[in-house]
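Engineer: Next one to model:
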Amino acid sequence: MKNDNQLESLLAQMALKNYAPTHERTGKFAVSYTRVSTSEQAQNNGSLELQQKLNQEYANRNGIIIVESFGGKFESAKTDGRKEFQRMLNFVKKHKNITYIIVTNYDRFSRTGATAAKLSEDLRKEGIILKSVSQDIDTSTATGRLQENFMHMMNNFDNIAKSDRTKLHTREVMEKGYWPYATPLGYDNLKKKQRACFHEYIITKEGMELKKGFYLKAEGKLSNREIIALLQAKGVRINEKTFRQIISNPFYAGYVTGKLLAGRLVKGQHPALIDLKTFLKANEVLSTNPIAGIPKVFRHEEVPLKIFAKEQISGHPLTGYTTKNNWYYKTKASQLPVNIKAEKLNQLFVNHLKQFEYRADKKEALKRLLAEGIKKRLSGSVEENKQLKKIVSEKQGQLEKIEKKYLLDDIDKEMYVKHTHKLKEEINLLLSDLGKTDIKSSNLEKAVEKCLSIAQNISHTWATAGFENKRRLQSLVFPEGIMYNKENNEVRTEKVNSLFSLIQPLQSIVAENKKGNLKKDYLNSVNVPRNGVEPLRPLRVTGF
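Structural biologist: Numbering: from 1, shown residues only. Now for the predicted structure:
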């Protein structure tokens, strides 16, 4: 039987276990965090280097060892979603020997007020203490914690006050018709370093091409994708998202608006790119068919091949449906309706992807041969590319002359339609061929490396990825989708990304060729198109 001393000892152990601090940290190790919000602040309110120096000196005075430094970037403290800030927090929580986070000033840590105070308290519960070099507060006492919280709240107040003053001044500038934000695409600001009321905007060559985009959209005969392709061929940096933003931005019609003006329109001080009538007409067409030419795809995790996969005979895309908790792909538009269980077609696609996989120890050899093959193709495509661009430019010049005559009422609509229809068809065909030969080799090595990294275990990557990543990966490898043959129950592909398409033949060279003859034959034949059901996709190394 246990005596009283033994019972007291057991009780003491229980108390220690139940009430001792869960996250006690006793070491004197720390991380240093530095931050500036803008380049101006970096120059006028303590550089990153100075902050790091002060943090280190504070650590030396207090016998603290800084084991890692974070920050060193322009990051706003309005929110705590900053990448470097989150990386620092993850580090201190993971490494149990870290006791302190050292900052030059509390506002370097955060300006989120109550959120910052809550974060400091949560870190304190983990045994991590926030230390400010210029405001050295003992937060082990209630008074010290109150002082720290007060600093966080004052920093937040200062941030809000600055924001309010900035909004007030910005609103006044916009009321006068000046644009205080980034220069829109198609314009150049000749006095960008001066205050907004002194900005001087001019329309660039890119802007003149955008103007044609407005006319084409207002006409309503081409889809967004077709107009974008025409603009891109002229060197305009635009995609589907930016095109829609530009078409609906009143700035291009000569007006200034925004949240600070509560949606009101103010006549701008900048030159209008397009007349108001054409702007409104383009937006009317955009609103009635906002994503013309792009099929709508609803997100269902079980059918990532929806629309992407087509029935081989008819070419009609497969849709998806569910019944009795089972998902299927189907198409009823063909003579031979297709209905296949989603799991089955997904697995066929996974098996199809395995053709690109290779042994890890062959990667360097494949990388070398792949780069050589692409360089060989590059040399044979440059001249063809130049010729196509020249013809496209000439056709677009003819189209511009006809459009100008139509806009100036020199020709009637019937004559305009008659002449432009054929020209547009020819231009679209040429642009399609141009897209197949347009080559950018500046990032060749990176593209090859990324291609091989993706291909090494591509079937497993696709099978385990989420819906959006599945869609991205499959479109990267097979830009024009896949075909499903019901009779043979197999997946076929008409076109493959050039980088991926070369992997399979190169594996044979790497595995079987010791004297180099196969390699020589391969390099001599890379410019010859392959015959058969699945021709090689023309070289395009810009999709990575």
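
Engineer: Run through the stretch 1-150 of the chain and note the low-pLDDT ranges.
Structural biologist: Along the stretch 1-150 of the chain, the parts satisfying pLDDT under 70 run over 1-25, 37-46, 72-81, 113, 144, 149-150.

Engineer: Which residue ranges of it form strands?
Structural biologist: Ranges of strands within the stretch 1-150 of the chain are 29-36, 65-74, 98-103, 129-132, based on DSSP state E, counting those that start in this stretch.

Engineer: Assess the claim that Lys310 and Val338 are in contact.
Structural biologist: No - counting by Cβ atoms under 8 Å, Val338 is not a contact partner of Lys310; they are 9.6 Å apart. C-beta here means a position set from N, CA and C on the backbone, and glycine is covered the same way.

Engineer: Now the common contact residues for these two.
Structural biologist: Between them, Lys310 and Val338 share these contacting residues under Cβ atoms under 8 Å, 6 or more residues apart in numbering: 318, 331, 484.

Engineer: tally of neighbours for the first one?
Structural biologist: One way to gauge burial is a neighbour count; for Leu318, by other Cβ atoms under 10 Å, it gives 24.

Engineer: Find the nearest non-adjacent residue to it, please.
Structural biologist: Tyr329 (4.2 Å; Cβ to Cβ, 6 or more residues apart in numbering).

Engineer: The one you found: what's it in contact with?
Structural biologist: Per Cβ under 8 Å, 6+ apart, neighbours of Tyr329: 303, 305-306, 309, 318-320, 338-342, 345, 484.

Engineer: What strand or helix carries it?
Structural biologist: Using DSSP states H and E, Tyr329 sits within strand 326-331.

Engineer: Lowest-confidence entry in the shared contacts of Lys310 and Val338?
Structural biologist: Of all the shared contacts of Lys310 and Val338, Thr331 has the smallest pLDDT value, namely 84.

Engineer: quick one: contacts for that residue?
Structural biologist: Contacts of Thr331 by Cβ under 8 Å, 6+ apart are 310-311, 314, 316-319, 337-338.

Engineer: Please tabulate those residues in a markdown table, including the columns distance to Thr464.
Structural biologist: A markdown table is the format used below for the contacts of Thr331 (distance: Cβ to Cβ, whole Å):
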| residue | distance to Thr464 |
| --- | --- |
| Lys310 | 25 |
| Glu311 | 27 |
| Ser314 | 32 |
| His316 | 30 |
| Pro317 | 25 |
| Leu318 | 22 |
| Thr319 | 25 |
| Pro337 | 32 |
| Val338 | 27 |
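
Engineer: Pick the one among those residues closest to Lys191.
Structural biologist: Here the nearest of the contacts of Thr331 to Lys191, counting by Cβ to Cβ, is Pro317; it sits at 51.6 Å.

Engineer: In contact with that closest one, which residues are there?
Structural biologist: Applying Cβ under 8 Å, 6+ apart, the residues near Pro317 are 295, 306-311, 331, 481.

Engineer: ok so, going back, mind checking which of the contacts of Thr331 are in strands?
Structural biologist: Residues of the contacts of Thr331 located in strands (DSSP state E): 310-311, 319, 338.

Engineer: Return the member of the residues you listed nearest to Phe29.
Structural biologist: The closest of these, once distances to Phe29 are taken by Cβ to Cβ, is Thr319, at 58.6 Å.

Engineer: is it true that the closest one touches Lys306?
Structural biologist: Yes - contact criterion Cβ under 8 Å: Thr319 and Lys306 qualify, at 6.0 Å.

Engineer: ok, the two, which is more surrounded?
Structural biologist: Lys306 (21 against 18).

Engineer: Would you mind saying which of the strands of the stretch 1-150 of the chain lies nearest Gln398?
Structural biologist: Gln398 lies closest to strand 65-74 among those, at 48.6 Å (Cβ to Cβ).

Engineer: strand partners of the closest one, parallel vs antiparallel please.
Structural biologist: With DSSP bridges as the test, strand 65-74 is paired with strand 29-36 (parallel).

Engineer: so where do the strands sit in the stretch 151-300 of the chain?
Structural biologist: Secondary structure of the stretch 151-300 of the chain (DSSP E, counting those that start in this stretch): strands at 187-189, 201-203, 255-256, 266-267.

Engineer: Identify, out of these, the most deeply packed stretch.
Structural biologist: Of the strands of the stretch 151-300 of the chain, the one with the most neighbours on average (mean count of other Cβ atoms under 10 Å) is strand 255-256, at a mean of 22.

Engineer: which helices and strands does it pack with?
Structural biologist: Judged by 3 or more Cβ pairs under 8 Å, 6 or more residues apart in numbering; DSSP states H and E, strand 255-256 is in contact with strand 266-267.

Engineer: Rounded mean pLDDT for the strand it packs on, please.
Structural biologist: The average pLDDT within strand 266-267 is 92.

Engineer: From the contact counts, what lies against it?
Structural biologist: Applying 3+ Cβ pairs under 8 Å, 6+ apart, we find strand 266-267 packed against strand 255-256.

Engineer: Direction included, what does the strand it packs on pair against?
Structural biologist: If you go by DSSP bridges, strand 255-256 pairs up with strand 266-267 (antiparallel).

Engineer: gap between the strand it pairs with and the chain center?
Structural biologist: In terms of Cα atoms, centre = their mean, to the nearest Å, the gap separating the centre of strand 266-267 from the centre of its chain is 33 Å.

Engineer: try stretch 226-233
Structural biologist: Here the centre of stretch 226-233 is set off from its chain's centre by 20 Å, with Cα atoms, centre = their mean.

Engineer: Output that stretch as PDB - backbone C-alpha positions only.
Structural biologist: Extracted in PDB, the C-alpha atoms of stretch 226-233 (Å, rounded to 0.1, in the frame of the first residue of the first chain):
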ATOM      1  CA  GLU A 226     -10.900  35.200 -83.500                       C
ATOM      2  CA  ILE A 227     -10.500  38.900 -82.700                       C
ATOM      3  CA  ILE A 228      -7.900  38.100 -80.100                       C
ATOM      4  CA  ALA A 229      -6.000  36.000 -82.600                       C
ATOM      5  CA  LEU A 230      -5.900  38.900 -85.100                       C
ATOM      6  CA  LEU A 231      -4.700  41.300 -82.400                       C
ATOM      7  CA  GLN A 232      -2.000  38.900 -81.200                       C
ATOM      8  CA  ALA A 233      -0.800  38.500 -84.700                       C
END
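
Engineer: And the contacts of it?
Structural biologist: Outside stretch 226-233, the residues that touch it by Cβ under 8 Å, 6+ apart are 209-210, 212-213, 216-217, 222, 238-240, 243, 293, 389, 392, 396, 427-428, 431, 434-435.

Engineer: can we see that at 7 Å?
Structural biologist: 209, 213, 216-217, 238-240, 243, 293, 392, 427-428, 431, 434 (Cβ atoms under 7 Å, 6 or more residues apart in numbering).

Engineer: filter those residues to the buried ones?
Structural biologist: Using 16 or more other Cβ atoms under 10 Å as the burial test, those include 209, 213, 216-217, 238, 243, 392, 427, 431, 434 as buried.

Engineer: mind listing which of those residues are in helices?
Structural biologist: Counting by DSSP state H, those place 209, 213, 216-217, 243, 392, 427, 431, 434 in helices.

Engineer: okay, among those residues, which ones form the most distant pair?
Structural biologist: Maximum distance among these (Cβ to Cβ): 21.8 Å, for Lys217 and Leu434.

Engineer: ok, back up a step: of the ones in helices among the buried ones among the contacts of stretch 226-233, closest to Lys131?
Structural biologist: Among those, Phe243 lies closest to Lys131 (Cβ to Cβ), at 50.3 Å.
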